[in-house]
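**Student:** Structure for the following, please:
(one chain, ligands or ions: 2)
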Amino acid sequence: MTLAPSPLERLSRARSDLRLGVPVVVSEAGEGAVVLAVETLTAERLADLRGLGAPELVLTARRAETLKARAYDGDLARIAVPDDEGATWLKAMADPADDLRVPMKGPFRSLRDGTADLHRASIRLAKASHLLPAAVVVRLADAARLAARYGLTAVTVAEVADDDPTVLHPVVAARLPMAAAAAGRLHVFRPDSGAEEHYAVEVGRPDRGQPVLARLHSACFTGDVLGSLKCDCGPQLRAALAQMGEAGAGVLLYLNQEGRGIGLANKMRAYALQDQGFDTVEANHRLGFEDDERDFRLGADILRQMGFRSVRLLTNNPKKIAMMERCGLQVVDRVPLRVGLTAENAGYLATKAAKSGHLL
Ligand SMILES: Nc1nc2c(ncn2[C@@H]2O[C@H](COP(=O)(O)OP(=O)(O)OP(=O)(O)O)[C@@H](O)[C@H]2O)c(=O)[nH]1
Ligand SMILES: [Zn+2]
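**Tutor:** Numbering: from 1, shown residues only. Ligands and ions are numbered 1, 2, ... in the order given. Below you'll find the predicted structure:
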(Lines give C-alpha, C1' and ligand atoms only; values in the text may rest on other atoms or scores of the structure.)
(Ligands and ions follow the chains in the order given, each with its own letter.)
Protein backbone atom coordinates (compact mmCIF):
# COMPACT_ATOMS: atom_id res chain seq x y z
CA MET A 1 0.00 0.00 0.00
CA THR A 2 1.70 3.20 -1.17
CA LEU A 3 -0.67 5.61 0.57
CA ALA A 4 1.00 5.00 3.94
CA PRO A 5 4.10 7.11 4.61
CA SER A 6 7.42 5.38 3.93
CA PRO A 7 10.18 5.20 6.57
CA LEU A 8 11.90 8.26 5.04
CA GLU A 9 8.63 10.18 5.10
CA ARG A 10 7.99 9.23 8.73
CA LEU A 11 11.51 10.41 9.61
CA SER A 12 10.84 13.75 7.97
CA ARG A 13 7.62 14.02 9.98
CA ALA A 14 9.48 13.07 13.16
CA ARG A 15 11.93 15.93 12.60
CA SER A 16 9.07 18.39 12.07
CA ASP A 17 7.22 17.07 15.13
CA LEU A 18 10.25 17.54 17.36
CA ARG A 19 10.72 21.08 16.07
CA LEU A 20 7.07 21.80 16.93
CA GLY A 21 7.40 20.22 20.35
CA VAL A 22 5.21 17.21 19.50
CA PRO A 23 6.40 13.89 20.96
CA VAL A 24 7.54 11.05 18.69
CA VAL A 25 7.84 7.34 19.40
CA VAL A 26 11.15 5.54 18.81
CA SER A 27 11.32 1.76 19.03
CA GLU A 28 13.59 -1.22 18.55
CA ALA A 29 12.87 -4.94 18.87
CA GLY A 30 10.40 -5.02 21.73
CA GLU A 31 11.63 -1.80 23.34
CA GLY A 32 10.12 1.61 22.85
CA ALA A 33 10.13 5.15 24.17
CA VAL A 34 8.31 8.41 23.75
CA VAL A 35 10.66 11.28 23.00
CA LEU A 36 10.53 15.09 23.20
CA ALA A 37 13.27 17.51 22.19
CA VAL A 38 14.33 19.55 25.23
CA GLU A 39 14.48 22.78 23.25
CA THR A 40 10.80 22.68 22.34
CA LEU A 41 9.24 20.90 25.30
CA THR A 42 6.58 22.63 27.39
CA ALA A 43 5.86 22.18 31.12
CA GLU A 44 2.43 20.73 30.24
CA ARG A 45 3.81 18.08 27.89
CA LEU A 46 6.54 17.21 30.38
CA ALA A 47 3.89 16.69 33.07
CA ASP A 48 1.94 14.38 30.77
CA LEU A 49 5.13 12.53 29.87
CA ARG A 50 5.81 12.01 33.59
CA GLY A 51 2.42 10.36 33.87
CA LEU A 52 3.76 7.62 31.58
CA GLY A 53 7.02 6.86 33.39
CA ALA A 54 10.32 8.21 34.67
CA PRO A 55 11.83 10.73 32.24
CA GLU A 56 15.52 10.41 31.31
CA LEU A 57 17.48 13.32 29.91
CA VAL A 58 19.80 12.36 27.09
CA LEU A 59 22.73 14.61 26.20
CA THR A 60 25.80 14.12 24.06
CA ALA A 61 29.08 13.29 25.82
CA ARG A 62 30.31 16.71 24.65
CA ARG A 63 27.61 18.50 26.64
CA ALA A 64 27.99 16.09 29.58
CA GLU A 65 31.69 16.95 29.77
CA THR A 66 30.90 20.63 30.36
CA LEU A 67 28.33 19.68 33.02
CA LYS A 68 30.75 17.18 34.60
CA ALA A 69 28.11 14.45 34.26
CA ARG A 70 29.22 10.86 33.62
CA ALA A 71 28.65 9.57 30.08
CA TYR A 72 28.47 5.78 30.49
CA ASP A 73 27.40 5.23 26.89
CA GLY A 74 30.53 6.66 25.27
CA ASP A 75 29.06 9.21 22.93
CA LEU A 76 26.13 10.15 25.15
CA ALA A 77 24.93 10.47 28.72
CA ARG A 78 21.58 9.42 30.17
CA ILE A 79 20.68 11.42 33.24
CA ALA A 80 17.77 10.79 35.62
CA VAL A 81 15.50 13.83 35.82
CA PRO A 82 15.02 14.63 39.53
CA ASP A 83 11.36 14.56 40.66
CA ASP A 84 11.49 18.18 41.78
CA GLU A 85 12.98 19.53 38.55
CA GLY A 86 11.06 20.52 35.44
CA ALA A 87 11.30 22.15 32.03
CA THR A 88 13.48 25.05 33.27
CA TRP A 89 16.09 22.65 34.66
CA LEU A 90 16.04 20.54 31.49
CA LYS A 91 16.53 23.58 29.27
CA ALA A 92 19.41 24.83 31.42
CA MET A 93 21.04 21.38 31.19
CA ALA A 94 20.75 21.46 27.39
CA ASP A 95 21.56 25.10 26.68
CA PRO A 96 24.97 26.48 27.69
CA ALA A 97 23.88 30.14 27.39
CA ASP A 98 23.91 30.68 31.17
CA ASP A 99 26.61 28.14 32.11
CA LEU A 100 29.00 30.83 33.35
CA ARG A 101 26.44 33.05 35.06
CA VAL A 102 24.48 30.24 36.76
CA PRO A 103 26.51 27.00 36.59
CA MET A 104 24.41 23.82 36.77
CA LYS A 105 25.24 22.07 40.03
CA GLY A 106 25.50 18.28 40.23
CA PRO A 107 25.89 15.63 41.23
CA PHE A 108 23.81 14.30 38.35
CA ARG A 109 22.64 10.69 38.42
CA SER A 110 23.89 9.17 35.18
CA LEU A 111 22.16 5.93 34.18
CA ARG A 112 23.95 2.88 32.82
CA ASP A 113 21.39 0.05 32.76
CA GLY A 114 20.19 -1.46 29.47
CA THR A 115 21.08 -0.20 26.02
CA ALA A 116 21.14 3.41 24.88
CA ASP A 117 19.97 2.77 21.32
CA LEU A 118 16.65 4.60 21.75
CA HIS A 119 18.50 7.54 23.29
CA ARG A 120 21.12 7.63 20.54
CA ALA A 121 18.37 7.69 17.90
CA SER A 122 16.68 10.56 19.80
CA ILE A 123 19.87 12.65 19.74
CA ARG A 124 20.32 11.91 16.06
CA LEU A 125 16.77 13.12 15.38
CA ALA A 126 17.30 16.30 17.46
CA LYS A 127 20.51 17.08 15.56
CA ALA A 128 18.86 16.41 12.20
CA SER A 129 16.11 18.84 13.29
CA HIS A 130 18.77 21.50 13.99
CA LEU A 131 17.63 21.75 17.59
CA LEU A 132 19.89 21.59 20.65
CA PRO A 133 21.15 17.99 20.85
CA ALA A 134 19.15 17.02 23.94
CA ALA A 135 16.01 14.94 24.43
CA VAL A 136 13.71 13.67 27.13
CA VAL A 137 13.03 9.97 26.81
CA VAL A 138 10.43 7.88 28.66
CA ARG A 139 10.69 4.14 28.11
CA LEU A 140 7.34 2.44 27.59
CA ALA A 141 6.18 -1.15 27.56
CA ASP A 142 3.78 -0.50 24.70
CA ALA A 143 5.00 2.51 22.77
CA ALA A 144 3.22 1.47 19.56
CA ARG A 145 -0.16 1.62 21.30
CA LEU A 146 0.58 5.13 22.58
CA ALA A 147 1.57 6.22 19.06
CA ALA A 148 -1.67 4.82 17.62
CA ARG A 149 -3.80 6.36 20.40
CA TYR A 150 -2.47 9.91 20.00
CA GLY A 151 -1.51 9.83 16.32
CA LEU A 152 2.22 10.21 17.11
CA THR A 153 4.84 9.64 14.46
CA ALA A 154 6.66 6.36 15.10
CA VAL A 155 10.12 5.48 13.80
CA THR A 156 12.53 2.64 14.53
CA VAL A 157 16.14 2.90 15.66
CA ALA A 158 17.23 1.26 12.40
CA GLU A 159 15.27 3.77 10.32
CA VAL A 160 16.87 6.69 12.17
CA ALA A 161 20.35 5.16 11.71
CA ASP A 162 19.73 4.65 7.99
CA ASP A 163 18.45 8.20 7.44
CA ASP A 164 20.67 9.42 4.65
CA PRO A 165 20.34 13.09 3.66
CA THR A 166 22.81 12.54 0.85
CA VAL A 167 20.46 10.80 -1.59
CA LEU A 168 19.49 13.66 -3.87
CA HIS A 169 17.68 14.13 -7.12
CA PRO A 170 17.86 17.05 -9.57
CA VAL A 171 14.74 19.25 -9.58
CA VAL A 172 15.40 22.00 -12.10
CA ALA A 173 18.19 23.99 -13.72
CA ALA A 174 18.05 27.38 -15.46
CA ARG A 175 20.35 30.02 -16.90
CA LEU A 176 21.68 32.49 -14.34
CA PRO A 177 23.98 35.28 -15.55
CA MET A 178 26.08 36.54 -12.63
CA ALA A 179 28.48 39.42 -12.05
CA ALA A 180 31.35 36.94 -11.91
CA ALA A 181 30.27 34.89 -14.93
CA ALA A 182 27.71 35.80 -17.57
CA ALA A 183 27.43 32.13 -18.57
CA GLY A 184 25.97 30.61 -15.42
CA ARG A 185 23.39 27.93 -14.63
CA LEU A 186 21.82 27.19 -11.26
CA HIS A 187 20.83 23.58 -10.54
CA VAL A 188 18.59 22.69 -7.59
CA PHE A 189 18.92 19.27 -5.91
CA ARG A 190 16.39 17.89 -3.45
CA PRO A 191 17.10 15.12 -0.91
CA ASP A 192 14.68 12.18 -0.75
CA SER A 193 14.74 12.64 3.04
CA GLY A 194 12.76 15.89 2.89
CA ALA A 195 15.71 17.83 4.36
CA GLU A 196 17.20 21.03 2.88
CA GLU A 197 17.75 21.47 -0.83
CA HIS A 198 21.28 22.12 -2.13
CA TYR A 199 22.41 24.07 -5.17
CA ALA A 200 25.06 23.74 -7.84
CA VAL A 201 26.23 26.84 -9.71
CA GLU A 202 27.69 25.81 -13.03
CA VAL A 203 29.98 28.41 -14.58
CA GLY A 204 30.47 28.15 -18.34
CA ARG A 205 30.18 24.64 -19.79
CA PRO A 206 32.85 22.60 -17.98
CA ASP A 207 34.22 19.63 -19.94
CA ARG A 208 33.01 16.48 -18.11
CA GLY A 209 36.09 14.60 -19.33
CA GLN A 210 38.51 16.97 -17.60
CA PRO A 211 39.08 17.82 -13.92
CA VAL A 212 36.70 20.68 -13.07
CA LEU A 213 37.57 23.68 -10.88
CA ALA A 214 35.17 23.04 -7.99
CA ARG A 215 34.23 24.50 -4.62
CA LEU A 216 32.10 22.94 -1.87
CA HIS A 217 30.72 25.99 -0.11
CA SER A 218 28.67 25.57 3.06
CA ALA A 219 25.92 28.12 3.61
CA CYS A 220 26.81 30.99 5.90
CA PHE A 221 23.92 33.47 6.08
CA THR A 222 25.96 35.85 8.22
CA GLY A 223 29.03 35.80 5.98
CA ASP A 224 27.53 35.23 2.51
CA VAL A 225 24.61 37.65 2.81
CA LEU A 226 25.35 40.06 5.66
CA GLY A 227 29.09 40.47 5.09
CA SER A 228 29.94 39.35 8.64
CA LEU A 229 33.54 40.02 9.63
CA LYS A 230 33.61 36.99 11.97
CA CYS A 231 34.43 34.51 9.19
CA ASP A 232 35.83 34.41 5.65
CA CYS A 233 32.81 32.80 3.93
CA GLY A 234 31.53 35.79 1.93
CA PRO A 235 34.92 36.66 0.40
CA GLN A 236 35.56 32.94 -0.27
CA LEU A 237 32.23 32.61 -2.07
CA ARG A 238 32.85 35.62 -4.27
CA ALA A 239 36.52 34.77 -4.91
CA ALA A 240 35.63 31.22 -5.96
CA LEU A 241 33.00 32.45 -8.43
CA ALA A 242 35.39 35.10 -9.75
CA GLN A 243 38.12 32.51 -10.27
CA MET A 244 35.70 30.23 -12.13
CA GLY A 245 34.52 33.18 -14.21
CA GLU A 246 38.08 34.05 -15.17
CA ALA A 247 38.88 30.42 -16.00
CA GLY A 248 35.65 30.25 -18.07
CA ALA A 249 34.45 27.07 -16.30
CA GLY A 250 33.81 25.67 -12.87
CA VAL A 251 31.18 24.40 -10.47
CA LEU A 252 30.35 25.84 -7.06
CA LEU A 253 28.18 23.73 -4.80
CA TYR A 254 26.18 25.81 -2.36
CA LEU A 255 25.41 23.29 0.37
CA ASN A 256 22.76 24.27 2.90
CA GLN A 257 24.83 23.17 5.87
CA GLU A 258 24.62 26.41 7.83
CA GLY A 259 26.96 26.62 10.81
CA ARG A 260 28.98 23.54 9.80
CA GLY A 261 25.74 21.53 9.86
CA ILE A 262 24.20 22.72 13.17
CA GLY A 263 21.76 25.26 11.69
CA LEU A 264 21.60 29.04 12.06
CA ALA A 265 19.94 29.12 15.50
CA ASN A 266 22.64 26.89 16.99
CA LYS A 267 25.35 28.87 15.18
CA MET A 268 24.04 32.03 16.82
CA ARG A 269 24.13 30.20 20.17
CA ALA A 270 27.77 29.43 19.36
CA TYR A 271 28.40 33.09 18.53
CA ALA A 272 26.92 34.12 21.89
CA LEU A 273 29.34 31.70 23.59
CA GLN A 274 32.20 33.12 21.54
CA ASP A 275 31.32 36.50 23.04
CA GLN A 276 31.80 34.86 26.46
CA GLY A 277 35.37 33.94 25.44
CA PHE A 278 35.09 30.47 23.90
CA ASP A 279 36.58 29.74 20.47
CA THR A 280 34.62 28.31 17.54
CA VAL A 281 35.42 24.67 18.46
CA GLU A 282 34.84 25.05 22.21
CA ALA A 283 31.52 26.78 21.54
CA ASN A 284 30.28 23.85 19.43
CA HIS A 285 31.38 21.38 22.12
CA ARG A 286 29.66 23.27 24.94
CA LEU A 287 26.45 23.15 22.90
CA GLY A 288 26.88 19.39 22.60
CA PHE A 289 27.99 19.24 18.98
CA GLU A 290 31.16 18.00 17.33
CA ASP A 291 33.20 20.82 15.81
CA ASP A 292 31.97 19.87 12.34
CA GLU A 293 28.64 18.09 11.80
CA ARG A 294 28.65 18.34 8.01
CA ASP A 295 28.33 15.42 5.61
CA PHE A 296 30.48 16.17 2.58
CA ARG A 297 29.19 13.09 0.72
CA LEU A 298 26.46 15.47 -0.47
CA GLY A 299 28.93 17.38 -2.59
CA ALA A 300 30.45 14.27 -4.12
CA ASP A 301 27.00 12.94 -5.00
CA ILE A 302 25.97 16.17 -6.75
CA LEU A 303 29.20 16.34 -8.74
CA ARG A 304 28.83 12.73 -9.85
CA GLN A 305 25.21 13.30 -10.89
CA MET A 306 26.38 16.26 -12.97
CA GLY A 307 28.81 13.99 -14.78
CA PHE A 308 32.09 15.04 -13.12
CA ARG A 309 34.66 12.44 -12.12
CA SER A 310 37.65 14.54 -11.07
CA VAL A 311 38.13 18.00 -9.57
CA ARG A 312 40.60 20.74 -8.83
CA LEU A 313 39.21 21.60 -5.42
CA LEU A 314 39.25 25.15 -4.08
CA THR A 315 39.68 24.61 -0.35
CA ASN A 316 41.89 24.84 2.72
CA ASN A 317 40.06 21.96 4.42
CA PRO A 318 41.77 18.55 4.09
CA LYS A 319 38.60 16.77 5.29
CA LYS A 320 36.79 17.89 2.14
CA ILE A 321 39.57 16.38 0.01
CA ALA A 322 39.58 13.10 1.96
CA MET A 323 35.80 12.75 1.68
CA MET A 324 35.76 13.43 -2.07
CA GLU A 325 38.34 10.71 -2.60
CA ARG A 326 36.46 8.27 -0.35
CA CYS A 327 33.38 8.93 -2.47
CA GLY A 328 35.28 8.06 -5.65
CA LEU A 329 35.91 11.60 -6.92
CA GLN A 330 39.52 12.17 -7.79
CA VAL A 331 41.04 15.38 -6.43
CA VAL A 332 43.85 16.06 -8.90
CA ASP A 333 44.79 19.34 -7.30
CA ARG A 334 44.03 21.45 -4.25
CA VAL A 335 43.67 25.12 -5.09
CA PRO A 336 44.14 27.26 -1.94
CA LEU A 337 41.47 29.87 -1.22
CA ARG A 338 42.88 32.48 1.12
CA VAL A 339 40.84 35.68 1.10
CA GLY A 340 38.95 37.91 3.50
CA LEU A 341 41.32 38.01 6.45
CA THR A 342 40.10 40.66 8.92
CA ALA A 343 41.10 41.64 12.45
CA GLU A 344 37.74 40.14 13.57
CA ASN A 345 38.25 36.70 12.00
CA ALA A 346 41.99 36.19 12.60
CA GLY A 347 41.31 34.19 15.79
CA TYR A 348 38.63 32.10 14.08
CA LEU A 349 40.96 31.18 11.21
CA ALA A 350 43.85 30.45 13.60
CA THR A 351 41.60 28.10 15.63
CA LYS A 352 40.54 26.26 12.46
CA ALA A 353 44.21 25.78 11.57
CA ALA A 354 45.22 24.70 15.08
CA LYS A 355 42.24 22.49 16.00
CA SER A 356 40.46 21.46 12.80
CA GLY A 357 43.47 20.77 10.60
CA HIS A 358 42.90 23.57 8.10
CA LEU A 359 45.80 24.38 5.83
CA LEU A 360 47.17 27.87 6.10
N1 LIG B 1 29.30 26.28 14.20
C2 LIG B 1 29.93 27.32 13.62
N3 LIG B 1 29.88 27.42 12.28
C4 LIG B 1 30.55 28.44 11.72
C5 LIG B 1 31.24 29.40 12.46
N6 LIG B 1 31.77 30.31 11.59
C7 LIG B 1 31.42 29.90 10.35
N8 LIG B 1 30.67 28.78 10.42
C9 LIG B 1 30.14 27.94 9.35
O10 LIG B 1 31.23 27.25 8.80
C11 LIG B 1 30.97 26.93 7.47
C12 LIG B 1 32.14 27.40 6.62
O13 LIG B 1 32.29 26.52 5.66
P14 LIG B 1 33.37 26.47 4.49
O15 LIG B 1 33.43 27.80 3.82
O16 LIG B 1 33.01 25.29 3.71
O17 LIG B 1 34.74 26.37 5.22
P18 LIG B 1 35.79 25.32 5.63
O19 LIG B 1 35.30 24.06 6.23
O20 LIG B 1 36.68 26.14 6.49
O21 LIG B 1 36.58 24.90 4.34
P22 LIG B 1 37.31 25.76 3.21
O23 LIG B 1 36.72 27.13 3.24
O24 LIG B 1 37.00 24.99 1.99
O25 LIG B 1 38.74 25.76 3.52
C26 LIG B 1 29.65 27.59 7.11
O27 LIG B 1 28.61 26.63 7.21
C28 LIG B 1 29.49 28.64 8.21
O29 LIG B 1 28.13 28.93 8.49
C30 LIG B 1 31.27 29.26 13.88
O31 LIG B 1 31.90 30.01 14.61
N32 LIG B 1 30.59 28.19 14.39
ZN1 LIG C 1 30.89 32.25 7.56
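
**Student:** Enumerate the residues of this protein near ligand 2.
**Tutor:** When proximity is defined by Cβ under 5 Å from the ion, the chain lies next to ligand 2 at 220, 223, 231, 233. From N, CA and C alone the C-beta is placed, and that goes for glycine too.

**Student:** excluding its backbone neighbours, what's nearest the third one?
**Tutor:** Taking Cβ to Cβ, 6 or more residues apart in numbering, and ignoring the residues beside it in sequence, residue 231 has residue 223 as its nearest neighbour in space, at 4.7 Å.

**Student:** what residues are up against the one you found?
**Tutor:** For residue 223, the set of contacting residues under the criterion of Cβ atoms under 8 Å, 6 or more residues apart in numbering consists of 230, 231, 232, 233, 234, 237.

**Student:** Quick check: ChimeraX command selecting the buried ones in those residues.
**Tutor:** When burial is assessed using 16 or more other Cβ atoms under 10 Å, the buried subset of those is captured in ChimeraX by this command:
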select :230,231,232,233,234,237
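
**Student:** Helices - which of the contacts of residue 223 land there?
**Tutor:** Mapping those onto helices (DSSP state H) picks out 233, 234, 237.

**Student:** Pipe those residues into JSON lines and attach pLDDT per row.
**Tutor:** Converted to JSON lines, the ones in helices among the contacts of residue 223 look like this (pLDDT from 0 to 100):
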{"residue": "233", "pLDDT": "95"}
{"residue": "234", "pLDDT": "96"}
{"residue": "237", "pLDDT": "97"}
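
**Student:** Specify which member of those residues is nearest to residue 135.
**Tutor:** Among the ones in helices among the contacts of residue 223, residue 233 lies closest to residue 135 (Cβ to Cβ), at 30.6 Å.

**Student:** Tell me who's in contact with that closest one.
**Tutor:** Shown in contact with residue 233 (Cβ under 8 Å, 6+ apart): 217, 218, 220, 222, 223, 224, 340.

**Student:** one more time with 6 Å, if that's ok
**Tutor:** The contact partners of residue 233, by Cβ atoms under 6 Å, 6 or more residues apart in numbering, come to 220, 223, 224.

**Student:** Over to residue 21?
**Tutor:** Residue 21 makes contacts with residue 40, as judged by Cβ under 6 Å, 6+ apart.

**Student:** Also the one 4 residues further on?
**Tutor:** Contact criterion Cβ under 6 Å, 6+ apart gives 34, 143, 147, 152, 154 as the residues in contact with residue 25.

**Student:** most neighbours, which of those residues?
**Tutor:** When neighbours are taken as other Cβ atoms under 10 Å, the top entry among the contacts of residue 25 is residue 34 (27 neighbours).

**Student:** Average pLDDT for the helix or strand hosting that one, rounded please.
**Tutor:** Using DSSP states H and E, residue 34 sits within strand 31-37. For strand 31-37, the mean per-residue pLDDT is 97.

**Student:** So, low pLDDT: which residues of the chain?
**Tutor:** Along the chain, the model assigns pLDDT under 70 to residues 360.
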